[in-house]
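Visitor: Test case, fold it:
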Amino acid sequence: MGEFKPLDNSMFGDQINLFTGEMRFVQTDIDLPGNNSLPMRVTRSYSPGAKTLDLSQFADWDLEIPYIAGTYGKSGWVSTAGPRCSVPRNDIMKASPPSEYVLADGGSNVGFAFDPHFYWSGNSLHLPAEGTSRMMVLAPETKAPNDGRAYYWSTASRWMFSCLPSTSNGHPGEGFMAHSPDGTRYWFDRIVSSSAGTMESWYGVDVYQYVSRMQLLNYRALPSRMEDRHGNSVTFAYFNDKPFLVQSMTASDGRSIVFRRNGTAGIDVDAGGRTWSYRYANVTGQRPKLEAAVLPDGSSWSFNMGPVYGNPLNGWRNCADYVPGLGPGSTFSITHPAGATGTFSLNNRLHGRTGARNTCRPYAASFFPVESHILQVLSVDRKVISGPGLSTLSWDYRYSPLAASLDTGQHIACQTTPCPETRDVTVTRENGAWDKYTFSQKFGDLEGKKLREEHASTTGVVSRTDYQYQRTSSGSYARAGADPCWVCSKEEEMPKPLSRRVIQQDGRTFTLQVEQFDAFARPIRVVRSSSP
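Guide: I've put the predicted structure just below:
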């Protein structure tokens, strides 16, 4: 079911976005090899602070399969143009949902129009190996395959989407056919949904005060089939009473994985003649939590996640970006089947952006920013690994001071002038050695891109790497697409590939310089050099 390899510091599957400090855990329990490269795996993921969905396969842990996701209002997953997939290529605003007019409580003749920018952040493609990327409508200049199909959507990594005329589970409307860069096709034609809470708008005063409430839904387009360019395939089946939970995965080469639910107690998974058991902790009034994953040899993962407090503000602030208060931090632990325990401490933290747009939109009697200048994130502060026969290992994360400003030049939270366009995080280990990572935080200009990393021992810096990126295409490549989300950053529309990397180590300098890119922003002429 997998190769034997020594355990290392990533044994818990923790993945950290060093730009924000956000954490995600990804753990693979089952990996069935076959005669083709299509994956047959049971991989679980957990994001601290994220809202637990009914769509999760293992209580509060998700099954890592590809899917498309978006949050919509009372009209459901539709666009202003009507269909969910085949939207006009030359009018990206028609790809967004329609404005939702909701009557006030009590049957009043007055109501409130919830514009899509209040609740819709676009659609995204989730891939187990790559994470989440935004889906964009093809811009007129976007390069698309010339194979006779009509394409409507794309991602920054050049996934393309054509449309299916119907769904596989009877949900009204279209499905999506995704085409990966390696030629694998995915039938995203199973449309399911889960509650995303209620959005409210209060307006008026005294006896003339009204409230309109709109139910929000998290939608997913799940796969029914994936097929590589040689005709090898994997099909997905789902439970009838829980249409968002996978019941089985079956490959054309004979591999299969079967899920068997045990009520509220958990779920068993059969693969390759062996069984993995997942047990839930059930507390009255709370959603179940994954408590243990028992492997076929009797060893097990155990999870003591406790309460994890995410962002109580749900991203909304007033136009001055006033933050009324940060939520409490969280500490939780995971024990590996080998006996080691990882303890993780996180805190709600503020991260700034430099030069964010100073644009606000009305929401009932208040105004809210189109782009927040200050972002609240549940960020990791400390990671500790301990256990029998182990020397305790630790990593402490320290972030640079908050700095944020508007494109008007107004400083929101800057200690220096001009306001810093970068921020960094320093990771210090138990022996005093450290690593420092510097990122751009300039809105619309390499935001989130890593600019520098430094590695040091207790005696000083041992290596430094600087990164530069191609800011303009110079006509060699075009936009990957047009993001129809009005309140979202447009960073992914235009590729900004690595153009230069300089490593300084052991008294020498090693340089990689990209001199030419192809039509998809891939390097086709690279020069490597060193000095002295």
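Visitor: now stretch 97-115: how far from the chain's centre is it?
Guide: Relative to its chain's centre, stretch 97-115 lies at 31 Å (Cα atoms, centre = their mean, to the nearest Å).
Visitor: Quote the end-to-end distance of that stretch.
Guide: 8 Å (Cα to Cα, to the nearest Å).
Visitor: taking the mean pLDDT, what do you get for that stretch?
Guide: The pLDDT scores in stretch 97-115 average 88.
Visitor: mind starting the numbering at 456 from now?
Guide: Happy to do that; since the first residue is 456 now, the last one works out to stretch 552-570.
Visitor: which stretches of the stretch 756-905 of the chain have low pLDDT?
Guide: Scanning the stretch 756-905 of the chain for pLDDT under 70 picks out 764-780, 819-821.
Visitor: give me that answer again for 80
Guide: Applying pLDDT under 80 to the stretch 756-905 of the chain picks out residues 761-783, 815-827, 864-867, 870.
Visitor: which stretches of it form strands?
Guide: Using DSSP state E, counting those that start in this stretch, the strands of the stretch 756-905 of the chain run over 785-790, 796-807, 815-818, 821-824, 829-841, 848-854, 877-884, 889-895, 905-912.
Visitor: Save those strands as TSV, and put in mean neighbour count and distance to residue 710 too.
Guide: From N, CA and C alone the C-beta is placed, and that goes for glycine too. Shown next, in TSV, are the strands of the stretch 756-905 of the chain (neighbours: other Cβ atoms under 10 Å; distance: least, Cβ to Cβ, whole Å):
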stretch	mean neighbour count	distance to residue 710
strand 785-790	18	28
strand 796-807	20	31
strand 815-818	14	50
strand 821-824	16	49
strand 829-841	20	34
strand 848-854	16	37
strand 877-884	18	39
strand 889-895	19	40
strand 905-912	16	38
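Visitor: Quick one: the ones you listed as TSV, columns for distance to residue 953 too.
Guide: Shown next, in TSV, are the strands of the stretch 756-905 of the chain (distance: least, Cβ to Cβ, whole Å):
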stretch	distance to residue 953
strand 785-790	34
strand 796-807	23
strand 815-818	35
strand 821-824	31
strand 829-841	25
strand 848-854	24
strand 877-884	17
strand 889-895	13
strand 905-912	10
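Visitor: Relative to residue 978, which of these is closest?
Guide: In terms of Cβ to Cβ, the element of the strands of the stretch 756-905 of the chain nearest to residue 978 is strand 905-912, at 17.5 Å.
Visitor: for that closest one, packing partners?
Guide: Strand 905-912 sits against strand 889-895, strand 915-924, with contacts defined as 3 or more Cβ pairs under 8 Å, 6 or more residues apart in numbering; DSSP states H and E.
Visitor: between the last one and strand 889-895, how many degrees?
Guide: Relative orientation of strand 915-924 and strand 889-895, computed by axes from the mean of the first three to the mean of the last three Cα atoms, to 10 degrees: 20 degrees.
Visitor: ok, and what's touching strand 915-924?
Guide: The contact list for strand 915-924 (Cβ atoms under 8 Å, 6 or more residues apart in numbering) reads 901, 904-911, 951-960.
Visitor: average pLDDT for that strand?
Guide: Rounded mean pLDDT across strand 915-924 is 97.
Visitor: chain center to that strand: distance?
Guide: Taking the mean of its C-alpha atoms, strand 915-924 sits 27 Å from the chain's own mean (Cα atoms, centre = their mean).
Visitor: Ok, stretch 838-852 next?
Guide: Using Cα atoms, centre = their mean, the offset of stretch 838-852 from its chain centre is 28 Å.
Visitor: Kindly report the same for stretch 942-956.
Guide: The answer for stretch 942-956 is 17 Å, by Cα atoms, centre = their mean.
Visitor: So what touches that stretch?
Guide: Residues outside stretch 942-956 that contact it (Cβ under 8 Å, 6+ apart) are 572, 576-577, 588-589, 591, 594, 610-611, 825-826, 898-899, 901-904, 920-926, 928, 932, 934-938, 966-969, 972, 975-978.
Visitor: Rounded mean pLDDT for it, please.
Guide: Stretch 942-956 comes out at a mean pLDDT of 90.
Visitor: quick one: buried residues of it?
Guide: Neighbour counts over stretch 942-956 (16 or more other Cβ atoms under 10 Å) mark 942, 943, 944, 946, 947, 948, 949, 950, 951, 954 as buried.
Visitor: can you redo the residues you listed as JSON lines with secondary structure and distance to residue 467?
Guide: What follows is those, written out as JSON lines (DSSP: H, G, I helix; E, B strand; the rest coil; distance: Cβ to Cβ, whole Å):
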{"residue": "942", "secondary structure": "coil", "distance to residue 467": "35"}
{"residue": "943", "secondary structure": "coil", "distance to residue 467": "32"}
{"residue": "944", "secondary structure": "coil", "distance to residue 467": "31"}
{"residue": "946", "secondary structure": "coil", "distance to residue 467": "30"}
{"residue": "947", "secondary structure": "coil", "distance to residue 467": "29"}
{"residue": "948", "secondary structure": "coil", "distance to residue 467": "35"}
{"residue": "949", "secondary structure": "coil", "distance to residue 467": "36"}
{"residue": "950", "secondary structure": "coil", "distance to residue 467": "33"}
{"residue": "951", "secondary structure": "coil", "distance to residue 467": "32"}
{"residue": "954", "secondary structure": "strand", "distance to residue 467": "35"}
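Visitor: Done for today, thanks.
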